[in-house]
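> Sequence and predicted structure, then a few things I'm wondering about:
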Amino acid sequence: MLYVAIESIVEYYVITSLGQAAINAATFVGSRTAGTLDAVCATLGVVLTSFLIISLISFILKAFQESRAVQYAFMGIRAGVLALILKAVYTMFMATKKHAVSYVIMAAALVLTAFLKIDAVFVIIGCAVFGLVWSLLFRKEDKL
Amino acid sequence: MIWIELFLTFLKIGTFTFGGGYAMLPLIQSEVEHHGWLTQAEVVDFIAVSESTPGPLAINMATFVGIRTGGVFGAVCATLGVVLPSFAIILIVARFYERFRKSCAVDGVMYGLRPAVIGLIGAAFLSVGMTVFFPNGLKNSVFSGAGFWLSPGIFALGAVLAFKKLHPIAIIGISAVIGIIAGYALGL
């Protein structure tokens, strides 16, 4: 059972990452090993833990949000989070195949969302359609 | 009706989030701002909390926004909304795994999406940067007054530590401690 689970997780990472990784892994392992009901259980397991912890923290933060120490802490934390986001961009950038088309898509997505304030949903749909059309018409390299 | 609104909003966010938690930031930012649920600074605080607690960033963010705006049941609605699309998609993928893996259409879509996600997180970086360095608009940056070096300093230190692969929780903890010490010392 455990072996199947580990094998499925490895398999899962082979396929392209759609949606939120942890939920996906839980759902995927559950449904590959035992069926839909187990997929529901595996997913619930992941969700419930987060749910309880976050609810608790939310109440604690609410109680102390007027405290100066907490406000100072979050002032520092915001700058720290910015660094974490920078690291996330860098890591994903390094993991992507870089060629002219991918640079154009990256730049377009950045400019459209950050400067032209286009809804991210439309940017995502647009890039997906563009990728599909470009792939089918012009792309020769590293196709399946 | 806040609960239905929370559910539908996070259903939308869950549907269009590709490639992990940070990719959902631009969506979360624009949605909560559009609904007037949170300020941009609160969004950044929530990222920090979600990043420091176990469980996926997406679920933690949904629960947090939900509980703040609609109480415990609001959190249930938001969490359900963000989970459902992934759940449905992966159930389908698991069933048609072989066909999915070899599909030219899926491959083409991902060819466009992977770089797009990087651009989107880049956009999130810029807008969070605005919140951190210019909390009160462009004219009132943190680059003036007693806290001149504080936020840029913590950001620079955090970036160095992040690239040295220090755990995100440790970076958030260090940032908090520096914030508290500097806050009291400088009397901000």
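Yep, it's here.

> tell me which residues in whichever strand or helix holds residue B:8 are buried?
Taking DSSP states H and E as the criterion, residue B:8 maps to helix B:2-15. For helix B:2-15, burial by neighbour count (16 or more other Cβ atoms under 10 Å in any protein chain shown) applies to B:3, B:5-7, B:9-15. Yep, even glycine has a C-beta here, placed from its N, CA and C like the rest.

> Let me know the closest of the residues you listed to residue B:69.
residue B:6 (6.5 Å; Cβ to Cβ).

> Is it correct that the closest one is in contact with residue B:80?
No - using Cβ atoms under 8 Å as the test, residue B:6 is too far from residue B:80 to be in contact (9.3 Å).

> can you pull out the helices in chain A?
Assigned helices in chain A, in chain order: A:2-14, A:21-33, A:36-64, A:68-95, A:100-114, A:120-137 (criterion: DSSP state H).

> Sorry, wrong one. I was asking about chain B.
B:2-15, B:25-35, B:40-52, B:57-95, B:97-101, B:104-133, B:150-163, B:168-186.

> now for the last one, which elements pack on it?
Other helices and strands packing on helix B:168-186, by 3 or more Cβ pairs under 8 Å, 6 or more residues apart in numbering or on different chains; DSSP states H and E, are helix A:68-95, helix B:40-52, helix B:150-163.

> closest one to residue A:138 among those?
Closest to residue A:138 of those, according to Cβ to Cβ: helix A:68-95, at 23.2 Å.

> Pick out the residue closest to the middle of chain B.
Note on chain B: the residue nearest the mean C-alpha position is residue B:25, at 4.0 Å, using Cα atoms, centre = their mean.

> among the helices and strands of chain B, which one scores worst on average pLDDT?
helix B:97-101 (a mean of 72; mean pLDDT, DSSP states H and E).

> can you pull the buried residues of it?
Result for helix B:97-101 [16+ other Cβ under 10 Å]: buried residues B:97, B:100.

> re the thing from before, which one is the residue nearest to the centre of chain B nearest to, not counting chain neighbours?
Nearest-residue entry for residue B:25: residue B:124, 3.7 Å, with adjacent residues in sequence omitted and distances by Cβ to Cβ, 6 or more residues apart in numbering or on different chains.

> My guess is the one you found contacts residue B:22. True?
Yes - here residue B:124 reaches residue B:22: they are 6.8 Å apart, a contact under Cβ under 8 Å.

> Residues in contact with both of the two, list them for me.
residue A:85 (Cβ atoms under 8 Å, 6 or more residues apart in numbering or on different chains).

> Let me see the mean pLDDT of stretch A:79-86.
Across stretch A:79-86, the average pLDDT comes to 91.

> ugh, typo on my part, it should be stretch B:33-50
Rounded mean pLDDT across stretch B:33-50 is 85.

> does any bit of that stretch sit next to chain A?
Yes - shown here: stretch B:33-50 in contact with chain A (Cβ under 8 Å from any Cβ of the partner chain) through B:41, B:44-45, B:47-50.

> quick one on the thing from earlier: highest average neighbour count across the helices of chain A?
helix A:21-33 (a mean of 24; mean count of other Cβ atoms under 10 Å in any protein chain shown).

> circling back to that earlier point, check contacts around the residue nearest to residue B:25.
A:85, B:22, B:25-26, B:29.

> Return the member of those nearest to residue B:177.
residue A:85 (20.2 Å).

> Quick check: nearest residue in space to the closest one, chain neighbours excluded?
residue B:125 (4.7 Å).
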